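Novice: Just to be clear, the model below is a prediction. Sequence and coordinates:
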Amino acid sequence: MYPSSSYHLSPPGSPPSSSSSSSTSSEENARQERRRQKRVATYEAVRYMVNYMANNVIPLILVNYMSNNKERTYIERNREEGHARLFNDYFSENPVYPPQMFRRRFRMRKHLFLRIVEGVGAYDSHFQHKPDATGRLSLSPLIKCTKTLRLLAYGEAADRVDEYLRLGESTARKVLVRFLEAVIHQFGDEYLRRPTVQDLQRLLQVGAYRGFPGMLNKVMTTCIILHNMIVEDERDTYANYADYSEYENLHSQVQEAEYGAGYQIEIDRYIVNRDNLRSRNTHKALKKKLIEHIWQRFGDGN
C-alpha cells in the first residue's frame with residue numbers, strides 16, 4: 001500500500017485545466033507584446049539613425065571627399081637643380097658663401113649642421129637621398145634639413161624659399177614633423193634641458209600664430225636641443241666666428257662728441273649716474289617692469 005497523495009496528477013495527454021490554460025495564454029500574450037514593442041523600438045531607432053546619416057553625416061563625408069580630391073596642380077620644381085644650387089652655395093669644396101655667412105644664415109657651423117643631417121638620416125630613412133618608385137632621386141636631406149631649420153630659426157612661411165630650395169608648402173610641413181621626431185630621438189638624451197617660463201610663453205604664441213597649435217611640445221623640445229648643441233659647439237669660439245659686417249658703417253653714421261676747452265664734468269652728477277647704472281635695486285625694478293610688459297603683450301593669448 002502506498003500513501004495517498006494530496007495532489008492530483010493528470011494522466012499523460014490529458015488537456016490542462018481551464019484555469020491553467022488561461023494563465024499560460026495571458027503570459028504568452030504578454031511576452032509576445034513585449035517582443036513586439038522591442039521590435040518597434042528597434043525599428044524606430046534604426047530608422048532614425050539611417051535618416052540622420054543620410055541627411056547629415058553622408059553629405060558631410062561627400063563634401064570632404066570632394067574637397068580633398070580636387071584636381072591638384074602639379075608643379076615640376078626640378079629638385080635636382082635646387083640641390084645643386086644649395087650644394088654649390090654652401091657645401092662644395094669651394095662654396096660661394098664663406099663660413100661666416102653659413103654661420104649667420106644657418107645659426108650654426110657647417111660641421112654641426114652636417115652632424116644633424118647625418119643623425120636624422122640614421123633615425124628616419126625619409127632624410128636619406130635615395131631613389132623613389134620611378135627611379136628618380138628624392139629631395140636631398142640637405143634641402144629638407146635646411147628648410148626645416150629656417151622654419152624653426154626664422155619663423156618664416158612654409159613656402160618662403162620654394163623657388164630656391166624647390167620644396168613646396170605641404171611637403172615642408174610634413175618634413176618638419178619628421179625632423180622634430182628625429183632630433184628628439186637622436187639628440188634628446190644628451191642635450192635636453194628643462195624649458196623656462198619665458199620659453200613656454202614665447203613658443204605658445206609663436207606656435208599658435210604659425211599654425212602649429214598641437215606641436216608645441218615637439219617644437220620646443222627640438223629648439224632646446226638644437227640650441228644646446230650650438231652652445232656646446234661654439235662656447236669657446238665666439239670671438240672667431242663673430243660677424244661684424246652689420247657694424248662696418250656704424251662709425252661713419254655716429255657723430256663723435258666735441259668737447260670745448262671750457263667744458264667741465266660735474267663730478268657729483270657723474271657719481272650719481274654711475275651709481276644708478278650699477279644699482280641692484282634699479283636693475284630688479286627694470287627687470288620686473290620688463291617682465292610685466294612682455295606678459296601684457298604676449299602672455300594673455302591676445
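Specialist: Arrived safely.

Novice: switch to C-alpha atoms for all contacts and neighbour counts from now on
Specialist: Fine.

Novice: Pull out the buried positions in stretch 123-141.
Specialist: By neighbour count with 16 or more other CA atoms under 10 Å, stretch 123-141 contains the buried residues 123, 126-128, 138-141.

Novice: Same check on stretch 97-109?
Specialist: By neighbour count, with 16+ other CA under 10 Å as the criterion, the buried positions of stretch 97-109 are 99-103, 106-109.

Novice: Which parts of the stretch 101-250 of the chain are helices?
Specialist: Under the criterion DSSP state H, counting those that start in this stretch, the stretch 101-250 of the chain carries helices at the ranges 110-123, 141-154, 162-165, 169-191, 197-210, 216-234, 250-253.

Novice: could you list every residue that touches Lys110?
Specialist: Going by CA atoms under 8 Å, 6 or more residues apart in numbering, Lys110 touches 99, 102-103.

Novice: If we use 7 Å, what do you get?
Specialist: For Lys110, the set of contacting residues under the criterion of CA atoms under 7 Å, 6 or more residues apart in numbering consists of Phe102.

Novice: residues near the residue lying closest to Met108 once chain neighbours are set aside, how many?
Specialist: Spatial nearest neighbour of Met108, excluding adjacent residues (CA to CA, 6 or more residues apart in numbering): Ile230 at 6.0 Å. By the criterion of other CA atoms under 10 Å, Ile230 has 16 neighbours.

Novice: my read: Ile230 touches Arg109, true?
Specialist: No. The pair Ile230 and Arg109 does not pass the contact test of CA atoms under 7 Å, sitting 8.0 Å apart.

Novice: Can I get stretch 89-103 as CSV, trimmed to CA atoms?
Specialist: Extracted in CSV, the C-alpha atoms of stretch 89-103 (Å, rounded to 0.1, in the frame of the first residue of the first chain):
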residue,chain,number,x,y,z
ASP,A,89,76.4,77.7,-52.4
TYR,A,90,77.4,76.2,-49.1
PHE,A,91,78.7,72.6,-49.2
SER,A,92,81.1,72.2,-52.0
GLU,A,93,84.9,72.4,-51.7
ASN,A,94,84.8,76.0,-52.8
PRO,A,95,81.4,77.3,-51.8
VAL,A,96,80.0,80.6,-53.0
TYR,A,97,79.4,81.8,-49.4
PRO,A,98,82.2,81.7,-46.8
PRO,A,99,81.8,80.0,-43.3
GLN,A,100,80.9,83.3,-41.6
MET,A,101,77.8,83.7,-43.9
PHE,A,102,76.9,80.0,-43.3
ARG,A,103,77.0,80.5,-39.6
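
Novice: pull the longest helix from the chain.
Specialist: When the chain is scanned for its longest helix (criterion: DSSP state H), the result is helix 18-52.

Novice: Spit out the contact partners of the residue lying closest to Pro141 once chain neighbours are set aside.
Specialist: Spatially, and ignoring its direct neighbours in sequence, Pro141 is nearest to Phe127 (4.9 Å; CA to CA, 6+ apart). Listed by CA under 7 Å, 6+ apart, the contact set of Phe127 reads 120-121, 141.

Novice: could these go into JSON lines alongside distance to Gln32?
Specialist: Formatted as JSON lines, the contacts of Phe127 follow (distance: CA to CA, whole Å):
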{"residue": "Val120", "distance to Gln32": "69"}
{"residue": "Gly121", "distance to Gln32": "70"}
{"residue": "Pro141", "distance to Gln32": "72"}
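
Novice: so which of the residues you listed comes closest to Ile75?
Specialist: Nearest to Ile75 out of the contacts of Phe127 is Pro141 (CA to CA; 20.4 Å).

Novice: Spit out the contact partners of that closest one.
Specialist: For Pro141, the contacting residues are 117, 127-129, taking CA under 7 Å, 6+ apart as the criterion.

Novice: Also Arg173?
Specialist: When contacts are counted by CA under 7 Å, 6+ apart, Arg173 is found next to Ala158.
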